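K.L.:
The following comprises the amino acid sequence and a computationally predicted model.
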Amino acid sequence: MGLFSSKKSKNKYVTLTSKSKLSMDIVDDNKWKKCSRCNEIIYNEDLKNNLNICPKCGHYFRLTAFERIELLTDEGSFIEEDITLTSKDFLNFPGYQEKLESSQEKSRMLDGVISGIGKINGIDVSIAVMEFSFMGGSMGSVVGEKITRTLERGLEKNIPVVIVSSSGGARMQEGILSLMQMAKTSGAVKRLNEAGIPFISVPVDPTTGGVTASFAMLGDIIVTEPGALIGFAGPRVIEQTVNQKLPKGFQKAEFLLEHGMVDVIAERKELKTTIYRILEKLI
């Protein structure tokens, strides 16, 4: 047999158009995922091997908190902290307990953030990663507490802090207890800053609301990924409030970089190396 077979190779993805007759079962199957930008149907295995980036159009799918930890920390170096903290339904908010239980089952996490100690190319860091699939990455009392403890561990151990944010904002089911986390996390960032310990903030798609308005935009260096949505209120809300049409690409990473709101946009495959090089300069 020669080097090349005459048999036509099977495509590993297919494009769906509005007129496609392909059963949507193929999209829902555990083996496939549909790209929201170009409509490619991609093998999950191929997507995973490409760091959850569409092989056709380069669209960034979201990573889970577990995948982020694996991407950013040296193999076997991550030690999780604050494992048992769980949210309580302090206000007896209708349906909140059921939503907590559903999110815990779906995400395999007790709440919307993983935190602990790890290494990035040999550099010890206190690190936390938010999980958007857990109630939209909303920041309640437990998320705020774990973020604060992550910052305080950096202060205690005199090591840099890296926090990856992905959130829709404050958790409305906890009312003022949720809003208090904005001040608490910001205060912890201030203490870290006063001690001269680096804080690298990594807001990824999407980071909005009270998380953006607190610790996520207070990093010494703010690093994000291409196309990430980062802002406070949504574009439609802003347009209705100011009664003006917003610029093209408003609240996207590239727009924020151009206007000085973020410092670096790093391709996902270069994210760990980028953070490491920044830390090398700061410590």
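P.N.:
Everything's here; your move.
K.L.:
need the strands for the stretch 51-200 of the chain, in chain order.
P.N.:
Taking DSSP state E, counting those that start in this stretch, the strands of the stretch 51-200 of the chain run over residues 79-81, 113-120, 123-130, 161-167, 199-207.
K.L.:
With mean pLDDT as new columns, can those strands be given to me in JSON lines?
P.N.:
Shown next, in JSON lines, are the strands of the stretch 51-200 of the chain (pLDDT from 0 to 100):
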{"stretch": "strand 79-81", "mean pLDDT": "97"}
{"stretch": "strand 113-120", "mean pLDDT": "98"}
{"stretch": "strand 123-130", "mean pLDDT": "98"}
{"stretch": "strand 161-167", "mean pLDDT": "98"}
{"stretch": "strand 199-207", "mean pLDDT": "97"}
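K.L.:
can you put the ones you listed in CSV and add mean neighbour count and distance to Val142?
P.N.:
Any C-beta I mention is one placed from the backbone N, CA and C, and that applies to glycine too. Shown next, in CSV, are those (neighbours: other C-beta atoms under 10 Å; distance: least, C-beta to C-beta, whole Å):
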stretch, mean neighbour count, distance to Val142
strand 79-81, 12, 13
strand 113-120, 22, 8
strand 123-130, 25, 12
strand 161-167, 28, 13
strand 199-207, 25, 18
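K.L.:
Would you mind giving those strands as a markdown table with distance to Ile283 added?
P.N.:
Listed next are these as a markdown table, based on distance: least, C-beta to C-beta, whole Å:
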| stretch | distance to Ile283 |
| --- | --- |
| strand 79-81 | 20 |
| strand 113-120 | 11 |
| strand 123-130 | 7 |
| strand 161-167 | 11 |
| strand 199-207 | 11 |
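K.L.:
now for these, which one comes closest to Val262?
P.N.:
Set against Val262 and scored by C-beta to C-beta, those come closest in strand 199-207, at 7.6 Å.
K.L.:
What lies in contact with the very next helix or strand once past that closest one?
P.N.:
Going down the chain from strand 199-207, the next helix or strand is helix 209-212, by DSSP states H and E. For helix 209-212, the external contacting residues (C-beta atoms under 8 Å, 6 or more residues apart in numbering) are 130, 137, 139, 165, 167-170, 178-179, 181-182, 203, 230-233.
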